[in-house]
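Asker: Pasting the sequence and the predicted model now:
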Amino acid sequence: MELTHLKYFIRLANVLNFSEAARQLFITQSTLSQSIRQTEEFLGIPLFERIGKKVYLTEAGKEFLPYAEEAIGSVKTGVQRLRDIQEVYKGELRIGVIYSLCPMLAECAASFSERYPDVRLSLIQSSSIYELTDMVHKHHIDFAFSYTHKTVSLSPLITATDLFRIPLCLVVDSKSPFAAFREITMAEVGKQDLALLENGTYLRKIIEKIANKNGIRLSPKSEINDSNLLLQLVRTGQWNTIGLREAAIQFSDLVAIPIKEVQEELTASLLWLKDGYQKSAAKKFIQIIIDAGQRHHTLINLPNKDNL
């Protein structure tokens with residue numbers, strides 16, 4: 001079986017639409033259909049079920065998908081190892097980033113591109129740490145830059161290296177009467193008209209744990225599934241939110257007020273596949289993130305370059 005067949009199978013499995021998969025692969029639909037048919041003949045079992053115009057993965061297809069993704073990921077890693085032996089800083093570097101840390105990553109990306117112009121950067125922003133870890137696991141990105149917290153666990157397949165602490169704050173519009181506060185109590189926060197990320201999100205879980213620990217029951221007036229939209233709502237002055245200082249400082253009309261009782265802090269962390277290989281370009285970018293962290297924060301620890 002050719003690697004191309006695996007690549008085509010993975011794309012179709014992700015979109016479940018022949019015409020869309022063919023369009024994304026820049027091939028004809030007949031070429032894709034022939035490749036899928038050859039793969040199914042080679043394996044001796046159907047991978048897709050076609051009902052009318054709809055396409056579904058069979059149980060065999062669902063079982064085969066992670067192995068196909070792992071095979072493609074392993075080949076990419078092998079190619080990159082050979083390039084790294086020659087110290088060739090070319091190709092593509094794919095980095096996932098949580099929305100709140102986008103401003104810092106943008107600064108690092110500019111510095112990296114100036115030093116290594118032949119490396120094509122692909123930056124993928126997400127509001128969900130679970131989405132980022134899934135992309136790491138599936139080899140869709142080389143590593144992720146996100147926040148983590150000791151009370152909420154991640155996948156055992158993911159290694160998290162903590163870099164520096166990020167305090168949780170009450171985020172308000174600059175015209176709010178609370179904007180002049182140097183700090184605020186959790187009891188006062190609980191009385192606010194709050195807009196929060198929706199239940200089940202990583203940050204919401206952390207916020208709820210901290211509130212419960214302090215005997216506060218949060219009743220948000222609005223729940224949002226997108227971090228950027230959440231901050232835009234706060235900018236209207238109608239709502240306040242609990243969030244990261246790093247997310248607030250990108251807007252001149254938002255103010256982040258430390259919450260007095262909150263001792264727990266999130267950490268900015270690097271996330272990559274446990275026992276996975278990091279290409280040389282990734283190591284160079286990570287060093288730039290570490291350097292930026294040293295300028296603006298007190299680092300928790302410095303990753304051992306040999307272990308990246």
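Answerer: Okay, I see it. Just so it is clear, the structure is predicted and the values come from calculations on it, not from any experiment.

Asker: Now do the helix or strand harbouring residue 231: which elements does it pack against?
Answerer: Using DSSP states H and E, the element containing residue 231 is helix 227-235. Applying 3 or more CB pairs under 8 Å, 6 or more residues apart in numbering; DSSP states H and E, we find helix 227-235 packed against strand 168-173, strand 195-197, strand 222-224, strand 241-244, helix 245-248, strand 254-258. Quick note: C-beta positions are derived from backbone N, CA and C, even for glycine.

Asker: What residues of it count as buried?
Answerer: By neighbour count on 16 or more other CB atoms under 10 Å, the buried set for helix 227-235 is 227, 230, 231, 233, 234, 235.

Asker: Please apply the same query to stretch 169-186.
Answerer: For stretch 169-186, a neighbour-count test (16+ other CB under 10 Å) marks 169, 170, 171, 172, 173, 176, 181, 184, 185, 186 as buried.

Asker: Surely the second one is in contact with residue 256?
Answerer: What it means is residue 170. Yes: the criterion here is CB atoms under 8 Å, and residue 170 meets it with residue 256 at 7.5 Å.

Asker: any low-confidence regions in the stretch 151-300 of the chain?
Answerer: 263-265, 275-277, 296-300 (pLDDT under 70).

Asker: and the gap between residue 12 and residue 43?
Answerer: Residue 12 is 14 Å from residue 43, where distance means CB to CB, to the nearest Å.

Asker: Okay, domains of this structure per the record?
Answerer: As assigned by automatic domain parsing, the chain contains the domains 3-79, 89-164+267-307, 168-264.

Asker: what about the strands in the stretch 51-200 of the chain?
Answerer: Counting by DSSP state E, counting those that start in this stretch, the stretch 51-200 of the chain has strands at residues 54-57, 91-98, 119-126, 143-148, 158-166, 168-173, 195-197.

Asker: would you list those in TSV and tack on distance to residue 266?
Answerer: As requested, the strands of the stretch 51-200 of the chain are exported to TSV (distance: least, CB to CB, whole Å):
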stretch	distance to residue 266
strand 54-57	37
strand 91-98	10
strand 119-126	16
strand 143-148	4
strand 158-166	5
strand 168-173	7
strand 195-197	13
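
Asker: Of all the ones you listed, which one is nearest residue 260?
Answerer: strand 168-173 (10.2 Å; CB to CB).

Asker: follow-up on the earlier one: who's more crowded, residue 12 and residue 43?
Answerer: residue 12 (26 against 14; other CB atoms under 10 Å).

Asker: Identify the residues contacting stretch 205-218?
Answerer: 149, 151-152, 168, 186-187, 189-190, 194, 196, 242, 261-262, 264, 266 (CB atoms under 8 Å, 6 or more residues apart in numbering).

Asker: Between those, which sits nearest residue 58?
Answerer: Once CB to CB is applied, the member of the contacts of stretch 205-218 that ends up nearest residue 58 is residue 152, at 34.9 Å.

Asker: contacting residues around the closest one?
Answerer: With CB under 8 Å, 6+ apart, residue 152 has these contacts: 202, 205, 206, 209.

Asker: Now that we have those residues, which of them are buried?
Answerer: 202, 206.

Asker: Same list (the contacts of residue 152) but as a markdown table, adding distance to residue 139 and secondary structure.
Answerer: Listed next are the contacts of residue 152 as a markdown table, based on distance: CB to CB, whole Å; DSSP: H, G, I helix; E, B strand; the rest coil:
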| residue | distance to residue 139 | secondary structure |
| --- | --- | --- |
| 202 | 22 | helix |
| 205 | 27 | helix |
| 206 | 28 | helix |
| 209 | 32 | helix |
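
Asker: Next, give me the two most distant ones among the contacts of residue 152.
Answerer: 202 and 209 (11.2 Å).

Asker: mind putting the buried residues of stretch 169-186 in a markdown table, distance to residue 107 included?
Answerer: A markdown table is the format used below for the buried residues of stretch 169-186 (distance: CB to CB, whole Å):
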| residue | distance to residue 107 |
| --- | --- |
| 169 | 21 |
| 170 | 26 |
| 171 | 21 |
| 172 | 25 |
| 173 | 25 |
| 176 | 28 |
| 181 | 29 |
| 184 | 29 |
| 185 | 33 |
| 186 | 32 |
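
Asker: OK, contacts around residue 186?
Answerer: With CB under 8 Å, 6+ apart, residue 186 has these contacts: 210, 211, 214, 216, 259, 260, 261, 262.
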